[in-house]
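Peer 1: I'd like to go over a predicted model; first the sequence, then the structure.
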Amino acid sequence: MNNKYELIYEGKAKKVFSHDHADKVIIEFKDDATAFNALKKAKFEGKGKLNCLISARIFEILKNKNIPSHFIELKNENTMIAHKIKIIPLEIVLRNTAYGSLCKQTTIEPGTNLVKPLIDIYLKNDELNDPLITKDRIELMNIISSKDLDLIIDLTLKINIILKNFFKDIQLQLVDFKLEFGYNFKNNIVLGDEISPDNCRLWDLNQNNDTIVSLDKDRFRNDLGGLIEAYSEINRRINDFI
């Protein structure tokens, strides 16, 4: 990255730099992979590029369906230009199928298709290990208004319908996904962060039996191997479809 751009923020998977326009930022995707709140770390060459390309395509699909996001355009294969937003410190997780922490914290069997999408909200705070949080606690902490939270939940449900249908078209089951939102310079809520195999659980529907084949970060979490191959396959299917 050109030295004239200031590093504003560095997270586990991305770096955010200043832009010539004050209301824009440059987001560079890293090759780092982390799991279990960064207790497990590794680097995979090409991962940043794949997540950037996949995210860009999905943001474009959502834009065409009138979902507001921070995404503006690709700068290159691992960097995008986005609107500068003030991130709301909440992680919104939508689950269509029971898996992962939901099954560890309840008696629901892994792989159970949920009657309706479940939305879990987590406080975005590494020191507290991103705890599950209630609406009342969000109100008590004065994070956002109940009206804005309702708007975020409504947007998440709409995004789920769009993504579920899209991924089904490319033979992927959208098990669950994590979203982050923020306020843009007009103080409107928009979708931020990324949408990629890093924060979506995607199962391959091209299977002749009930075997679960993950094409997402579970390949790293669960030591399954083939992470880059899985992400490359998702990118290939998206490009073939579009």
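Peer 2: Great, that's in hand. Numbering: from 1, shown residues only.

Peer 1: Strands along this structure, start to end?
Peer 2: Under the criterion DSSP state E, the chain carries strands at the ranges 7-10, 14-18, 24-29, 32-35, 40-43, 71-76, 79-83, 86-87, 90-97, 113-123, 172-179, 181-183, 189-191, 200-204.

Peer 1: want to throw those into CSV with mean pLDDT?
Peer 2: Shown next, in CSV, are these (pLDDT from 0 to 100):
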stretch, mean pLDDT
strand 7-10, 94
strand 14-18, 96
strand 24-29, 97
strand 32-35, 92
strand 40-43, 94
strand 71-76, 97
strand 79-83, 98
strand 86-87, 97
strand 90-97, 98
strand 113-123, 98
strand 172-179, 98
strand 181-183, 98
strand 189-191, 98
strand 200-204, 98
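
Peer 1: between these, which one is nearest to Ile162?
Peer 2: strand 172-179 (10.1 Å; CB to CB). C-beta: built from backbone N, CA, C; applies to glycine.

Peer 1: same question for the longest helix belonging to the chain, mean pLDDT?
Peer 2: In the chain, with assignment by DSSP state H, the single longest helix is helix 146-169. Mean per-residue pLDDT for helix 146-169: 98.

Peer 1: How far does that helix sit from its chain's centre?
Peer 2: 12 Å (CA atoms, centre = their mean, to the nearest Å).

Peer 1: returning to what we had before: would you convert the strands of the chain into CSV that also reports distance to Leu227?
Peer 2: CSV is the format used below for the strands of the chain (distance: least, CB to CB, whole Å):
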stretch, distance to Leu227
strand 7-10, 22
strand 14-18, 17
strand 24-29, 14
strand 32-35, 7
strand 40-43, 9
strand 71-76, 22
strand 79-83, 21
strand 86-87, 26
strand 90-97, 21
strand 113-123, 24
strand 172-179, 16
strand 181-183, 27
strand 189-191, 25
strand 200-204, 13
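
Peer 1: Tell me which of those sits nearest to Leu157.
Peer 2: Using CB to CB, these put strand 113-123 closest to Leu157, at 6.5 Å.

Peer 1: what's in contact with the closest one?
Peer 2: With contact meaning CB atoms under 8 Å, 6 or more residues apart in numbering, strand 113-123 is reached by 89-98, 102, 130-135, 137-138, 143, 153, 156-157, 160.

Peer 1: can you redo the strands of the chain as TSV with mean neighbour count?
Peer 2: Shown next, in TSV, are those (neighbours: other CB atoms under 10 Å):
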stretch	mean neighbour count
strand 7-10	12
strand 14-18	18
strand 24-29	21
strand 32-35	18
strand 40-43	12
strand 71-76	16
strand 79-83	20
strand 86-87	12
strand 90-97	20
strand 113-123	14
strand 172-179	22
strand 181-183	20
strand 189-191	20
strand 200-204	22
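
Peer 1: closest to Asn51 out of these?
Peer 2: Per CB to CB, nearest to Asn51 of these: strand 24-29, 5.1 Å.

Peer 1: relative orientation of that closest one and strand 79-83 in degrees?
Peer 2: For strand 24-29 against strand 79-83, the angle by axes from the mean of the first three to the mean of the last three CA atoms, to 10 degrees is 150 degrees.
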